[in-house]
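> predicted model and sequence below, questions to follow.
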Amino acid sequence: MDERFNEVQFAATYLDGGRPGGSEGTDRMVGFFGNINYSYDNRYFADFSGRIDGSSKYGKDKRFAPLWSVGVGWNLNNESFLKNAAWLSRLTVRGSIGLTGNQNFDPYVARTTLEYKDGFYYQSLGSSFITYGNDKLEWQRSQKRNIGLDLEVMQRRLTVRFDYYNDLTSGLLLPVSVAPSLGFSSYTENFGEQRNKGYEFDLNAVIIRKKNFDWAVNVSGTHNENSIEKISNALRALNDESNALETDQTKAIAMYEEGESLNAIKVVRSLGINPANGKELYLTREGKITEEWDYRDKIVAGCTDAKLEGNIGTNVIWKNFSLNLLFNYSFGGQVYNSTLAERVEGADPTTNADKRVLGERWQKVGDYTFYKDIADRTISKASSRFVQDNNYLELSNISISYRFAPELLRKVGISALRLGLNSSNLFYVSTVKRERGIEYPFARQFTFSLNLNF
């Protein structure tokens with residue numbers, strides 16, 4: 001086998017007369033960096049770092065970027081006015097600011113690349129586009145600002161970590177879709193500026209600590225808001241192109257507008273199904289009621305970003321038994337339920353359709369229903385009727401174990417024995433009824449373990 005062929009997994013199966021293939025990419029990076037750390041009396045500390053990175057992934061005149069960071073902190077618990085506080089183990093206030101870069105993309109997006117074809121020649125081109133290069137591609141930079149607090153009290157039985165951040169990303173890298181007739185589907189462009197701000201917290205508490213019984217709880221959460229601060233002309237053109245696809249807007253197509261969230265759900269406001277004729281009613285920007293859907297009437301009906309999401313965990317130890325629970329939660333966000341539009345309301349009633357197609361549809365004058373008349377075979381357009389609150393709580397993991405007493409095990413020549421039962425995805429409660437479709441079903445897993453040491 002040719003030693004240069006490093007994707008042998010593609011040789012597992014292929015068509016008669018065909019052959020396996022692969023691809024590879026090479027990029028180069030060079031950097032110069034330095035850092036300084038300073039600490040005084042275990043009370044004040046600071047660190048400074050700077051670097052200049054160069055990457056072959058960017059345009060020929062845009063390959064180098066200066067990056068830096070500065071961080072400071074103050075251990076208040078070591079100050080004279082708190083040093084003798086027995087209840088306080090740690091109290092640290094910290095802050096940082098810096099400029100970071102991102103090059104997490106394919107190595108040749110700044111270069112035009114071709115694929116040469118030798119399979120057949122008659123009435124065929126000898127090469128075709130793989131990527132269309134952008135030699136003006138610049139570094140995506142993020143200015144990160146952070147203020148944080150670390151707190152430990154009651155002999156570390158309660159610990160709190162809190163961070164507030166405000167990040168501004170410039171030169172945002174996104175793919176731009178183009179007409180397939182050009183020979184390629186998209187190219188990469190610097191689109192503008194995006195801001196992310198919010199907070200993160202992590203709380204650990206030992207509620208009970210006794211000889212044969214311990215109980216600890218952990219709660220963590222994140223709140224993030226993002227907004228588009230500035231968009232490029234290329235992104236404005238992409239918005240216009242998306243709006244032009246009026247005949248195929250069954251989903252909430254991503255739109256990029258200054259001052260709005262990157263994850264905003266933009267649809268036409270719906271007033272529901274007209275009880276008089278079973279058709280959907282829309283509200284225009286001018287406040288008029290109409291049965292005609294128009295992309296110019298789109299509004300922000302929600303955002304997929306949660307107001308708060310995170311984990312809740314608890315650990316209980318009683319004698320030789322232990323129990324661990326881990327919950328995931330999210331609330332305050334929205335989702336566009338395209339399944340209701342395409343698979344339920346848009347289903348073919350002559351085939352194996354969802355029962356809601358027949359039972360919850362408009363049938364006669366005066367019916368107040370969620371779904372329109374089954375005889376109306378027009379495509380259901382993106383409207384606020386299918387925007388739903390996305391709140392959920394799931395028990396993602398539970399584990400129970402028992403550790404046998406060592407004094408009993410020594411009699412039979414065993415040093416340690418532990419039995420365990422682990423389960424994941426025990427339950428999932430949500431305000432959105434998830435449609436399975438062709439996705440793998442929601443699966444509960446159970447694992448039994450035995451650890452034995454001699």
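Nice, thanks for sending it over. Numbers count the residues shown, from 1 in each chain.

> output the contacting helices and strands for the helix or strand where Gly310 lies.
Using DSSP states H and E, Gly310 sits within strand 308-318. Packing contacts for strand 308-318, counted by 3 or more Cβ pairs under 8 Å, 6 or more residues apart in numbering; DSSP states H and E, involve strand 213-231, strand 321-336. Using the backbone N, CA and C atoms, a C-beta is placed for each residue, glycine as well.

> make TSV from the ones you listed and add mean pLDDT to it.
Below are the helices and strands packed on strand 308-318 laid out as TSV (pLDDT from 0 to 100):
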stretch	mean pLDDT
strand 213-231	95
strand 321-336	96
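
> could I get those strands as TSV with mean neighbour count and distance to Leu203?
Putting the helices and strands packed on strand 308-318 into TSV (neighbours: other Cβ atoms under 10 Å; distance: least, Cβ to Cβ, whole Å) gives the following:
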stretch	mean neighbour count	distance to Leu203
strand 213-231	16	5
strand 321-336	17	14
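
> hang on, the earlier thing: and the contacts of the strand holding Gly310?
212-223, 322-333 (Cβ atoms under 8 Å, 6 or more residues apart in numbering).

> start and end of stretch 253-263, how far apart?
End-to-end distance for stretch 253-263: 10 Å, by Cα to Cα, to the nearest Å.

> can you mark which positions in it are buried?
Ile253, Met255, Tyr256, Glu257, Ser261, Leu262 (16 or more other Cβ atoms under 10 Å).

> elements contacting the longest helix seen in the chain?
As assigned by DSSP state H, the longest helix anywhere in the chain is helix 233-244. Judged by 3+ Cβ pairs under 8 Å, 6+ apart, the packing partners of helix 233-244 are strand 173-177.

> could you point out which element follows the strand it packs on?
strand 186-190.

> parallel or antiparallel, list what pairs with whichever helix or strand comes after that next one.
Next along the chain after strand 186-190, taking DSSP H and E as the criterion, comes strand 192-209. Paired with strand 192-209 in the same sheet, following DSSP bridges, are strand 158-170 (antiparallel), strand 213-231 (antiparallel).

> how far does strand 192-209 sit from its chain's centre?
Centroid displacement of strand 192-209 relative to its chain, using Cα atoms, centre = their mean, to the nearest Å, is 16 Å.

> for that strand, list every residue counted as buried.
Using 16+ other Cβ under 10 Å as the test for burial, strand 192-209 gives 192-196, 198-204, 206.

> measure how it sits relative to strand 173-177, angle-wise.
Put simply, strand 192-209 runs at 130 degrees to strand 173-177, going by axes from the mean of the first three to the mean of the last three Cα atoms, to 10 degrees.

> residues contacting strand 192-209, please?
By Cβ under 8 Å, 6+ apart, the list of residues contacting strand 192-209 reads 157-170, 172, 214-232, 235, 256, 262.

> low-confidence stretches in this protein?
Scanning the chain for pLDDT under 70 picks out 1-23, 119-123, 177-184, 242-250, 434-442.

> what segments of it are helices?
Counting by DSSP H, the chain has helices at residues 233-244, 338-339, 356-359, 406-409.

> mind checking which of those is nearest Asp61?
When the helices of the chain are compared by Cβ to Cβ, helix 233-244 sits nearest Asp61, at 18.7 Å.

> so which residues make contact with that closest one?
174, 176-177, 189, 191-192, 253-257, 295-296.

> looking at the helices of the chain, which is nearest to Tyr58?
If we rank the helices of the chain by Cβ to Cβ, the stretch that ends up nearest is helix 233-244, at 16.6 Å.

> so who does the most centrally placed residue in the chain touch?
Centroid-nearest residue in the chain: Asp305, 9.1 Å away (criterion: Cα atoms, centre = their mean). By Cβ under 8 Å, 6+ apart, Asp305 lies in contact with Asn224, Glu225, Asn226, Ser261, Asn263, Gly333.

> which non-adjacent residue is nearest the last one?
Which is Gly333. In this structure, Gly333 finds its nearest non-sequential neighbour in Ala306, 4.0 Å apart by Cβ to Cβ, 6 or more residues apart in numbering.

> now do the contacts for that neighbour.
So, once contact is read as Cβ under 8 Å, 6+ apart, Ala306 ends up touching His223, Ser330, Phe331, Gly332, Gly333, Asn390.

> okay, the strands paired with strand 192-209 in a markdown table with distance to Val412 next?
Shown next, in a markdown table, are the strands paired with strand 192-209 (distance: least, Cβ to Cβ, whole Å):
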| stretch | distance to Val412 |
| --- | --- |
| strand 158-170 | 41 |
| strand 213-231 | 28 |
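
> and Asp135, which of these is closest to it?
strand 158-170 (19.2 Å).

> quick revisit: pipe the buried residues of strand 192-209 into JSON lines and attach distance to Asn75 per row.
What follows is the buried residues of strand 192-209, written out as JSON lines (distance: Cβ to Cβ, whole Å):
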{"residue": "Gly192", "distance to Asn75": "40"}
{"residue": "Glu193", "distance to Asn75": "36"}
{"residue": "Gln194", "distance to Asn75": "35"}
{"residue": "Arg195", "distance to Asn75": "31"}
{"residue": "Asn196", "distance to Asn75": "29"}
{"residue": "Gly198", "distance to Asn75": "26"}
{"residue": "Tyr199", "distance to Asn75": "22"}
{"residue": "Glu200", "distance to Asn75": "21"}
{"residue": "Phe201", "distance to Asn75": "20"}
{"residue": "Asp202", "distance to Asn75": "19"}
{"residue": "Leu203", "distance to Asn75": "20"}
{"residue": "Asn204", "distance to Asn75": "20"}
{"residue": "Val206", "distance to Asn75": "23"}
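
> what is the nearest of the residues you listed to Tyr368?
Looking across the buried residues of strand 192-209 and measuring by Cβ to Cβ, the closest to Tyr368 is Gly198, at 39.9 Å.

> please report how far the closest one lies from Leu308.
Gly198 sits 10 Å away from Leu308, going by Cβ to Cβ, to the nearest Å.

> can you check Asp47 too?
On the measure of Cβ to Cβ, Asp47 and Leu308 end up 31 Å apart.

> what do you get for Tyr164?
Distance, Tyr164 to Leu308, using Cβ to Cβ: 14 Å.

> repeat for Asp354
Distance of Asp354 to Leu308, computed by Cβ to Cβ: 32 Å.

> and Leu114, by the same measure?
Counting by Cβ to Cβ, the gap from Leu114 to Leu308 is 49 Å.
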